[in-house]
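**Student:** Quick one: sequence and predicted model below, then my questions.
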Amino acid sequence: MKYWHHKTTIGTFYIIQYKNVYDIMLMSKYLGSYDDPQQAVNALIGGNTTLSSPNDPGTLGIPEDIGHWKHDISNK
């Protein structure tokens, strides 16, 4: 399983590959599924997820390029 993560002031965002989609999670809260990890980042930056927070995602310092997120692979 591939996943990317980025720590912010409201928690750590994860983009997790699950089968053929990429899910965005904020800690354990599901925020949406996308066809590729960059599309997930674009949705998060653009505020197009189910994130219900007073924080504007654009003010959280989230990198716009998935290449700037920390990337890991899990054997789970």
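**Tutor:** Done, it's in.

**Student:** what's the spacing between the nearest residue in space to Pro63 that is not next to it in sequence and Tyr3?
**Tutor:** In space, Pro63 comes closest to Trp69 once its chain neighbours are excluded; the distance is 5.9 Å by CB to CB, 6 or more residues apart in numbering. All C-beta atoms are positioned from the backbone trio N, CA, C, and that covers glycine. Look at Trp69 and Tyr3: by CB to CB, to the nearest Å, they are 9 Å apart.

**Student:** Need the overlap of contacts for the two.
**Tutor:** Ile15 (CB atoms under 8 Å, 6 or more residues apart in numbering).

**Student:** Select the helix or strand of this structure having the lowest average pLDDT value.
**Tutor:** Within the chain, no helix or strand scores below strand 70-73, which has a mean of 90 by mean pLDDT, DSSP states H and E.

**Student:** neighbouring contacts of that one?
**Tutor:** Residues contacting strand 70-73 (CB under 8 Å, 6+ apart): Met1, Lys2, Tyr3, Trp4, His5, His6.

**Student:** Next one: the closest residue to the first one other than its chain neighbours from Gly47, what distance?
**Tutor:** Taking CB to CB, 6+ apart, and ignoring the residues beside it in sequence, Met1 has Ser74 as its nearest neighbour in space, at 4.7 Å. Noted for Ser74: a distance of 28 Å to Gly47, by CB to CB.

**Student:** can you check Asp36 too?
**Tutor:** Taken as CB to CB, the span from Asp36 to Gly47 is 19 Å.
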